[in-house]
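Peer 1: build the 3D model from these lines:
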Amino acid sequence: MSEHHARSFPPLAAPDARVLILGSMPGLASLAAGQYYAHPRNAFWPLIGELLSIPPDRDYPARVAALCHAGIALWDVLYSCRRQGSLDTAIEDDSLVPNDLAGFIAAHPAVRHIFFNGAKAESCFRRHIRLPDAERPIAFTRLPSTSPAHAGRSFAEKLAAWQAVRAALKARP
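Peer 2: Sure, this is the predicted structure:
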């Protein structure tokens, strides 16, 4: 497997997003497809489908529209990095360039909760992102990774943990 320089996608977000889900960096299948979580065994879209009652046969633009309509924004902590393959463990720490998450939070004042899709997203955020002192409280929660490489939890166990996203959407500011 050759090393490559990966670049993330722009965020998916409506101006009134209340929840932000952060991954680390799209994998090779996602980069090739130009879509977040495009690997057929990644559990992200099936989990979101369960949480938001999105039929599994919806195409990518319809899933994105439903996600944004629900108040969920989606992005990655990293703008770019070098790695071999798709695994987070292959990301070379000396190559990390973070996204402008402080700017994103400033432009989306309704965001009250940031969820990390796995440990690498959380560790990169905590190491490389500095948010200004917000006038509003923002909660942070790490969720189990939806990657097929993280098969230590069943879909049902992941779904139980990801219910926190639904609860955050229902919470009042």
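
Peer 1: list the buried residues in the helix ranked longest in the chain.
Peer 2: Secondary structure of the chain per DSSP state H: the longest helix is helix 155-170. Within helix 155-170, the residues that count as buried by 16 or more other CB atoms under 10 Å are 158-159, 162, 164-165, 168-169. Every residue, glycine included, has its C-beta placed from N, CA and C.

Peer 1: could you list every helix and strand that it packs against?
Peer 2: strand 19-23, helix 44-52, strand 113-117, strand 139-143 (3 or more CB pairs under 8 Å, 6 or more residues apart in numbering; DSSP states H and E).

Peer 1: on contacts alone, who are the packing partners of the helix or strand where A66 lies?
Peer 2: Using DSSP states H and E, A66 sits within helix 60-69. If you count contacts as 3+ CB pairs under 8 Å, 6+ apart, helix 60-69 packs onto helix 44-52.

Peer 1: pull the residues that contact the helix it packs on.
Peer 2: With contacts defined as CB atoms under 8 Å, 6 or more residues apart in numbering, helix 44-52 is touched by 36-37, 54-56, 58, 63, 66-67, 70, 72, 117, 146, 155, 158-159, 162-163, 165-166.

Peer 1: give me the residues contacting stretch 94-109.
Peer 2: 5, 8, 11, 13, 15-17, 20, 22, 73, 75-83, 111, 124-125, 128-132, 134, 136, 138.

Peer 1: how far away from the center of its chain is it?
Peer 2: Chain-centre distance of stretch 94-109: 13 Å, with CA atoms, centre = their mean, to the nearest Å.

Peer 1: could you point out the helix or strand that follows the longest strand seen in the chain?
Peer 2: Looking across the chain with DSSP state E, the single longest strand is strand 78-84. For strand 78-84, the following helix or strand on the C-terminal side (DSSP H and E) is strand 97-98.

Peer 1: what mean pLDDT does the following helix or strand past that next one get?
Peer 2: Going down the chain from strand 97-98, the next helix or strand is helix 101-107, by DSSP H and E. Across helix 101-107, the average pLDDT comes to 94.

Peer 1: restricting to C-alpha, output helix 101-107 in PDB.
Peer 2: Output in PDB follows, covering the C-alpha atoms of helix 101-107 (Å, rounded to 0.1, in the frame of the first residue of the first chain):
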ATOM      1  CA  LEU A 101     -13.000  24.200  13.800                       C
ATOM      2  CA  ALA A 102     -12.900  27.400  15.700                       C
ATOM      3  CA  GLY A 103     -14.200  29.200  12.600                       C
ATOM      4  CA  PHE A 104     -16.800  26.600  12.100                       C
ATOM      5  CA  ILE A 105     -18.100  26.900  15.700                       C
ATOM      6  CA  ALA A 106     -18.200  30.700  15.400                       C
ATOM      7  CA  ALA A 107     -20.200  30.400  12.200                       C
END
